[in-house]
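Asker: this one's sequence-less:
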Ligand code: SAH
């Protein structure tokens, strides 16, 4: 059997091409995504498909998002190097790893202890030292580190959770999928201005639901 080539130059080129063709055009986002190998975030059966633009199953019955959706959400978040970012839904840790290349500090929360533990191990192995991964119900946010410049939710809620809107800085941006699970969901962007909240709808998406409490593996 031939040795897996990993995220080699040819795969990088194809990966970036697929991202661009789906509308990920921001140079900083593309370079962050070029700098994070998706391979280690996917174990087992599906690892061979790590460089394809598709969502894949991970542990605890969850999903790693499609790279182009990760790219579009990251792009919509307009992260700057000064930003403190909160992610709800660590999952594999892939999205957090990309954010860590763009932001000053990343906090990421998942309700499954196992996912947080496995993501942390990858962050350490890849020397991504500005990410803190926490096991908790992220719908309450992370009051002790608030306010945040940017908040990204990678699980679908019916509406943006109130505590998270409250923990967003004025001038801040939140990106999240809204809608009922298994129905059509929309990716939305919320900007918090001095005059209130401004919403814009980006595209239809499909995410696992934002659930209450901790996962059963804990
Ligand atoms: N961003 C991830 C994909 C997330 S999948 C990646 O890059 O791989 C959605 C994740 O949201 C799942 O891991 C699920 O456990 C988590 N989740 C769902 N509801 C949650 C909640 N209330 N608090 C924290 N995490 C939650």
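Answerer: Nice, I can see it. Bear in mind that the values here come from a model prediction, so they are computed numbers and not experimental data. Numbering: from 1, shown residues only.

Asker: packing partners for the helix or strand hosting residue 95?
Answerer: If you go by DSSP states H and E, residue 95 is part of helix 94-102. Contact here means 3 or more Cβ pairs under 8 Å, 6 or more residues apart in numbering; DSSP states H and E; on that basis helix 94-102 packs against helix 27-34, helix 67-77, strand 84-88, strand 105-110, helix 113-125, strand 131-135. Where C-beta positions appear, they are placed from N, C-alpha and C, glycine not excepted.

Asker: Out of the ones you listed, which is closest to the ligand?
Answerer: strand 105-110 (4.4 Å; Cβ to the nearest ligand atom).

Asker: What strands line up against the closest one, and which way round?
Answerer: Strand 105-110 has the following strand partners under DSSP bridges: strand 84-88 (parallel), strand 131-135 (parallel).

Asker: what's the closest of those strands to residue 201?
Answerer: Residue 201 lies closest, by Cβ to Cβ, to one member of the strands paired with strand 105-110: strand 84-88, at 19.6 Å.

Asker: contacting residues around residue 63?
Answerer: Residues near residue 63 by Cβ atoms under 8 Å, 6 or more residues apart in numbering: 55-57, 91, 207-208.

Asker: And it, how far from residue 216?
Answerer: Residue 63 sits 17 Å away from residue 216, going by Cβ to Cβ, to the nearest Å.

Asker: Not including adjacent chain positions, what is the nearest residue to residue 67?
Answerer: When the adjacent residues along the chain are set aside, residue 67 lies closest to residue 53, with 5.3 Å between them (Cβ to Cβ, 6 or more residues apart in numbering).

Asker: Just the pLDDT at that neighbour, thanks.
Answerer: Note on residue 53: pLDDT of 95.

Asker: OK, contacts around residue 35?
Answerer: Going by Cβ under 8 Å, 6+ apart, residue 35 touches residue 101.
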